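# Provided below for reference: sequence and predicted model.
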Amino acid sequence: MGLYYFDSTYILVLIGVVLSLLASARVKSTFAKYSRVRSLSGYTGAQAAEQLLRSSGINDVQIERVAGNLTDHYDPRTKVLRLSDSVYSQSSIAAIGVAAHECGHAIQHNHSYVPLAFRSALVPVANFGATLSWPLIIIGLFMGSSSVLIDLGIILFSASVLFQLVTLPVELNASRRAIAQLAESGILAGDEIKDTKKVLGAAALTYVAAAAASILQLLRLLLLFGGGRRRD
C-alpha cells in the first residue's frame, strides 16, 4: 500500500501546485500595480460596468457589491454582477478591467454563448465529482483496491477536470469582449487598453494553471491506478 502514498508521481502534483502559486502571485502583483493607476475617465468599476451593460442593450442585470478581494463574478442564474471591494468603487485601470471582464460574461449570457451555457450545466456535476471523487478512491483502497470504487472516483474527478477545460475558452472570450467594449465605449483609451490587457492576461493565467494542475492530478491517478498495477 505504501506505493500509493510515496510514489514518484507526486512530482506531477507538485508541478501543479507551483504553477498555481506562480499564477496567483502574478495576478495579485499585476492587479496591485495597476490598481494604483487611475483611469483618465474617472469611472469606477461599478460605473464602467453599468455603462458597458447598457451600451450592450442589457438592462436586466443588477450590479452588487461583494466583500473580499478579487471575488468578482457574474451569476447567470440570478443575472447579478457582483464586484469586490477593490473593484466596485475604485477608478483604477485594474478595477475597470475586472469589471469589464465580468460584463463580458453577462454579454455572453445575453448572446446565449454556448460554452458558457455548457459550463453552467457542468457546475453541479463538477461539484459532485470534486466532493466524492477522493472519498471513493480512498474507500476503494481500504477495501482491497476495489477497482469499481476507484474507477468511479477517477471518472468523477474527470468531470471537474472537464469543467476546468471548458472554463478556459469562456474566460478568454470574456476578456476579449471586455477589451473590445472598453475601447469602443471610450472608457479607456491608448495605453490604458494595453495595461488592462496585462491585468486580464495575468488573470487568465490562473485559469490555465488550474486546468494544468487538474490534468496533472488526473494523469497521476491514471498512472497509479490504471492497468495491471492496481491489481498487483
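Looks like it arrived, so ask away. Residues are numbered from 1 along each chain as shown.
# and residue 38, what is it in contact with?
91-93 (CB atoms under 8 Å, 6 or more residues apart in numbering). (C-beta placed from N, C-alpha, C; glycine too.)
# just curious, which of these is nearest to residue 194?
For the contacts of residue 38, the closest approach to residue 194 (CB to CB) belongs to residue 93, at 9.7 Å.
# can you map out the strands along the protein?
Assigned by DSSP state E, the chain shows strands spanning 62-66, 73-75, 80-84.
# for these, give me CSV that also has mean neighbour count, distance to residue 126 and mean pLDDT.
Shown next, in CSV, are the strands of the chain (neighbours: other CB atoms under 10 Å; distance: least, CB to CB, whole Å; pLDDT from 0 to 100):
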stretch, mean neighbour count, distance to residue 126, mean pLDDT
strand 62-66, 14, 22, 96
strand 73-75, 18, 16, 95
strand 80-84, 21, 20, 97
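# let me have these in TSV, adding distance to residue 158 as columns.
Formatted as TSV, the strands of the chain follow (distance: least, CB to CB, whole Å):
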stretch	distance to residue 158
strand 62-66	31
strand 73-75	25
strand 80-84	30
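# for residue 208, which of those strands is the nearest?
Across the strands of the chain, closest to residue 208 is strand 73-75 (CB to CB), at 18.4 Å.
# pull the residues that contact that closest one.
By CB under 8 Å, 6+ apart, the list of residues contacting strand 73-75 reads 61, 66, 80-82, 102-103, 105-106, 109.
# helices or strands next to the longest helix out of those in the chain in the packing?
Longest helix in the chain, counting residues (DSSP state H): helix 147-185. Using 3 or more CB pairs under 8 Å, 6 or more residues apart in numbering; DSSP states H and E, the elements in contact with helix 147-185 are helix 45-55, helix 93-110, helix 114-142, helix 191-225.
# nearest to residue 150 among the strands of the chain would be which one?
Residue 150 sits nearest to strand 73-75 of all those, at 34.1 Å, using CB to CB.
# neighbouring strands of the closest one in the sheet, and parallel or not?
Sheet pairing of strand 73-75 (DSSP bridges) gives strand 80-84 (antiparallel).
# how far does the strand it pairs with sit from its chain's centre?
With CA atoms, centre = their mean, to the nearest Å as the basis, strand 80-84 stands 15 Å off its chain's centre.
# what comes into contact with that strand?
45-46, 49, 53, 61-75, 98-99, 102-103, 105-106.
# biggest separation within the contacts of strand 73-75, which pair?
66 and 109 (18.1 Å).
# how about the nearest residue to the residue positioned nearest the centre of the chain, chain neighbours excluded?
Closest to where the C-alpha atoms of the chain average out (CA atoms, centre = their mean) is residue 207, at 4.7 Å. Excluding the flanking residues, the one nearest residue 207 by CB to CB, 6 or more residues apart in numbering is residue 171, at 5.0 Å.
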